[in-house]
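Student: This is a predicted model, with the sequence first.
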Amino acid sequence: MIIKQISIFMENSAGRLADITELLADAKINLRAISVADTADFGILRMVADKPDEAVTLLKNAGFTARETDVIAVEVPDKPGALARIMGLFRDQGIDIEYLYASLEHKVNKAVIVVKVADVATGLRVLKDHGPNTAPSL
Amino acid sequence: MPIWNKEIECASHESRRKLQLERLQKTVERVYARVPFYRNKLEGAGVTPDTIASLKDIAKIPFTTKDELRQTYPYGLLACDRSELVEIHTSSGTTGTPVVGAYTEADIDMWSDVMARTLSMAGCTKDDTVQNGYGYGLFTGGLGVHYGARRIGANILPISSGNTRRQLKVMRDFGATLLTCTPSYSLFLAEAAHEEGIDFRELPLKAGCFGAEPWSENMRVEIESKLDISAHDIYGLTELIGPGVAAECEHKNGQHFNEDCFYPEIIDPHTGEVLPDGEKGELVITALRREGTPLLRYRTRDITYLMRDTCACGRTSVRIHRLLGRTDDMMIIRGVNCFPSQIENVLMRIEGTQPHYQIVIDRGATHLDEIEIQVEVEEAVFSDVTRAMEQLRQRIRNELKSELGIMANIKLVEPRTIARSEGKAQRIIDRRTI
């Protein structure tokens, strides 16, 4: 399914992650997935929260550049080759993956990964047409 | 040290003032008769050529500003027939519409003379070999030095700017004795020479004329020790002629103003009132011998003061102190003039909103000016994809380079990280020690 990811621009400076996570903690917002992409100068924090709209408003009010981004959550069996099958599917359909990361979701014998492709709707259709379940909720 | 034009440079005050008045009257007559822009301006102030009966009357003439130069681009200030022109120079044009200097044969002749004076102050004679590392082209630096060295009869290496390896090779192979380039580039050359194992003490290089960007006494000490030469500050601007307006003799106590050709005044930049000698203010210059584009009371926006005491070199001309600053926020980055507003325009076009940014200028390990532009990342340009953010950075860098000719390091920063004072951000942090 398509879910809302929160993307936040961060400078590479000490304590930024602590500032952000504390802010969310104080508002009782729970994180379901999190990933940081970093370059020499800056980083992009990506996360999935249980209350995305509220989280974005909170972050913006605190002065962060934050936005909601559509991403795909895919449920994959927790066994060798499961992710490879999905990646192969995207490759065969000519869909470039911009980034992906695993979620904190824990289910019996299942993992949930978050995938960002340029055209999320097409990505989702490919997954639906070719088999694997996309995570029903995250 | 040689004095190129003793008669003029060492003239008595009375004879110089007489010459200045004659030339001022001629120039006012010239522009009044030939330049509609000046005719209107002078008439508006109730000034006709007859008004100028003494040098003091110059204060009755209204100022000319850089904005007016832009409004009259390209030929609006021409005071001669187009057929009399032999050369055009312009400012880099990075600060908007370029500023134009148009030269007749007589202008080039005068330029050659004042540049011969300039180079002579650094000890240049016909026996010298001048490595001219100023850019040749529309920029006045390259050809200005070239004409002066030609007039002296020195041997010129017209290498122009850049290509450090080749500069060093030419300097060594042809035995350059004088170097002309920007002061920061001279230090860059020194570093490069050191890396290549070249020892300046073993080269015949003895002096250098450095200008086109601000530099300090500390930098002079560094240049003189690293290149084992005598380093001389030179001053000029495209609007008046290019280099050749003022230069330092061997005593390096202010720059001798070629006041038989360019009449200096210091004014209070707020009131426009002429200030007495020794008081700091904005330098205003009137061209006394130009034919192509003579300017009256041009506001340079450079801050300095006049030094009227006698110099031990024997020249009697007034001197200006090393520049103390600007009345506007113009920055000079590696000899290129630019304003924060231009950087802002580029950012605005890319971001689509009023950008929050800060410009940090420093001289790094290379001694060359380094500019970092910190840009706050607004939501409109923020992407969750790292590559897109890198592309944004690259795009800002490329557009600044193609439009302003400056290579800036772009740093993307979080919103509100740039300090606002009274709601307004401090745009420029200049860490260069000047």
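Tutor: Perfect, thanks for sending it.
Student: who are the neighbours in contact with B:V336?
Tutor: B:92, B:94, B:404-406 (CB atoms under 8 Å, 6 or more residues apart in numbering or on different chains). From N, CA and C alone the C-beta is placed, and that goes for glycine too.
Student: from what I can see B:T180 touches B:V145, true?
Tutor: Yes. Between B:T180 and B:V145 there is a contact at 4.7 Å, judged by CB atoms under 8 Å.
Student: rewinding a little: got a PyMOL select line for the buried ones in the contacts of B:V336?
Tutor: Filtering the contacts of B:V336 down to the buried ones (16 or more other CB atoms under 10 Å in any protein chain shown) takes a single PyMOL command:
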select buried, chain B and resi 92+94+404+405+406
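Student: Based on its surroundings, how many neighbours for B:K411?
Tutor: A count of nearby residues for B:K411, using other CB atoms under 10 Å in any protein chain shown, gives 17.
Student: Enumerate every residue touching the residue lying closest to it once chain neighbours are set aside.
Tutor: Excluding its sequence neighbours, the residue lying closest to B:K411 (CB to CB, 6 or more residues apart in numbering or on different chains) is B:Q374, at 4.7 Å. Contact partners of B:Q374, counting by CB under 8 Å, 6+ apart, are B:357-360, B:411-413, B:417-418.
Student: mind running it again at 6 Å?
Tutor: B:358, B:411, B:413 (CB atoms under 6 Å, 6 or more residues apart in numbering or on different chains).
Student: Assign the nearest residue to B:F139 once chain neighbours are set aside to helix, strand or coil.
Tutor: Using CB to CB, 6+ apart and skipping residues adjacent in sequence, the residue nearest B:F139 is B:S92, 6.7 Å away. The three-state assignment at B:S92 reads coil, by DSSP: H, G, I helix; E, B strand; the rest coil.
Student: any idea how far B:Y103 lies from B:F37?
Tutor: 19 Å (CB to CB, to the nearest Å).
Student: Repeat that for B:I333.
Tutor: Counting by CB to CB - B:I333 and B:F37 are separated by 31 Å.
Student: can you check B:C181 too?
Tutor: For B:C181, the distance to B:F37 equals 35 Å [CB to CB].
Student: out of the two, which sits in the busier spot?
Tutor: B:C181 (27 against 17).
Student: give the contact list for the more buried one.
Tutor: Shown in contact with B:C181 (CB under 6 Å, 6+ apart): B:G133.
Student: can you do 7 Å?
Tutor: Counting by CB atoms under 7 Å, 6 or more residues apart in numbering or on different chains, B:C181 makes contact with B:133-134, B:161, B:210.
Student: Okay, and the beta partners of the residue most central in space within chain A?
Tutor: Geometric centre of chain A, nearest residue: A:V114, 4.4 Å, by CA atoms, centre = their mean. A:V114 has these beta-bridge partners by DSSP bridges: A:A73, A:Y101.
Student: Pipe the contacts of B:V336 into JSON lines and attach pLDDT per row.
Tutor: Shown next, in JSON lines, are the contacts of B:V336 (pLDDT from 0 to 100):
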{"residue": "B:S92", "pLDDT": "73"}
{"residue": "B:T94", "pLDDT": "59"}
{"residue": "B:L404", "pLDDT": "82"}
{"residue": "B:G405", "pLDDT": "81"}
{"residue": "B:I406", "pLDDT": "85"}
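Student: which one among the contacts of B:V336 gets closest to B:E14?
Tutor: Of all the contacts of B:V336, B:S92 has the smallest distance to B:E14: 40.7 Å, by CB to CB.
Student: which ones are touching the closest one?
Tutor: B:139, B:336-337, B:405.
Student: If we use 8 Å, what do you get?
Tutor: Counting by CB under 8 Å, 6+ apart, B:S92 makes contact with B:98, B:139, B:336-337, B:405.
Student: what does B:E196 give?
Tutor: Counting by CB under 8 Å, 6+ apart, B:E196 makes contact with B:165, B:168.
Student: Distance of it relative to chain A?
Tutor: Applying CB to the nearest CB, to the nearest Å, the value for B:E196 to chain A is 30 Å.
Student: Give me the phi and psi angles of that residue.
Tutor: Main-chain torsions, B:E196, degrees, to the nearest 10: phi -90, psi 0.
Student: roughly how far out does stretch B:20-37 sit from the chain middle?
Tutor: 25 Å (CA atoms, centre = their mean, to the nearest Å).
Student: which residues touch it?
Tutor: For stretch B:20-37, the external contacting residues (CB under 8 Å, 6+ apart) are B:38-39, B:42, B:47-49, B:52, B:54-55, B:58, B:61, B:68, B:72, B:76-80, B:259-260, B:263, B:286-291, B:294, B:296.
Student: what's the average pLDDT for it?
Tutor: In this model, stretch B:20-37 has a mean pLDDT of 98.
Student: the helices in chain A, which residues?
Tutor: Secondary structure of chain A, counting by DSSP state H: helices at A:16-26, A:52-61, A:82-92, A:120-129.
Student: Reformat those as CSV; add distance to A:Y99, mean pLDDT and mean neighbour count.
Tutor: As requested, the helices of chain A are exported to CSV (distance: least, CB to CB, whole Å; pLDDT from 0 to 100; neighbours: other CB atoms under 10 Å in any protein chain shown):
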stretch, distance to A:Y99, mean pLDDT, mean neighbour count
helix A:16-26, 18, 93, 14
helix A:52-61, 18, 94, 17
helix A:82-92, 13, 90, 14
helix A:120-129, 13, 88, 16
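Student: can these go into CSV with extra columns for distance to B:I303?
Tutor: Listed next are the helices of chain A as CSV, based on distance: least, CB to CB, whole Å:
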stretch, distance to B:I303
helix A:16-26, 42
helix A:52-61, 44
helix A:82-92, 63
helix A:120-129, 58
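Student: could those helices go into TSV alongside distance to chain B?
Tutor: As requested, these are exported to TSV (distance: least, CB to the nearest CB, whole Å):
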stretch	distance to chain B
helix A:16-26	8
helix A:52-61	8
helix A:82-92	16
helix A:120-129	12
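Student: of those helices, which approaches B:D109 most closely?
Tutor: Proximity to B:D109 (CB to CB) singles out helix A:16-26 among the helices of chain A, at 64.3 Å.
Student: ok and the closest one relative to helix A:52-61, angle-wise?
Tutor: On the basis of axes from the mean of the first three to the mean of the last three CA atoms, to 10 degrees, helix A:16-26 is oriented at 130 degrees to helix A:52-61.
Student: Convert the C-alpha atoms of helix A:16-26 to CSV, please.
Tutor: Written as CSV, here are the backbone C-alpha positions of helix A:16-26 (Å, rounded to 0.1, in the frame of the first residue of the first chain):
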residue,chain,number,x,y,z
ARG,A,16,19.9,16.9,15.5
LEU,A,17,18.5,13.4,15.7
ALA,A,18,18.0,13.8,19.4
ASP,A,19,16.2,17.1,18.9
ILE,A,20,13.8,15.5,16.4
THR,A,21,13.1,12.3,18.2
GLU,A,22,12.5,14.1,21.5
LEU,A,23,10.1,16.4,19.9
LEU,A,24,8.1,13.5,18.6
ALA,A,25,8.3,11.6,21.8
ASP,A,26,6.9,14.5,23.8
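Student: Mind listing residues that contact that helix?
Tutor: Contacts to helix A:16-26, defined as CB under 8 Å, 6+ apart, come from residues A:8, A:10, A:31, A:36, A:43, A:45, A:49, A:55, A:58-59, A:62, A:64.
Student: and what of stretch B:39-55?
Tutor: Under the contact criterion CB under 8 Å, 6+ apart, stretch B:39-55 has outside partners B:17, B:20-21, B:24-25, B:28-29, B:31-33, B:57-58, B:60-62, B:64, B:263.
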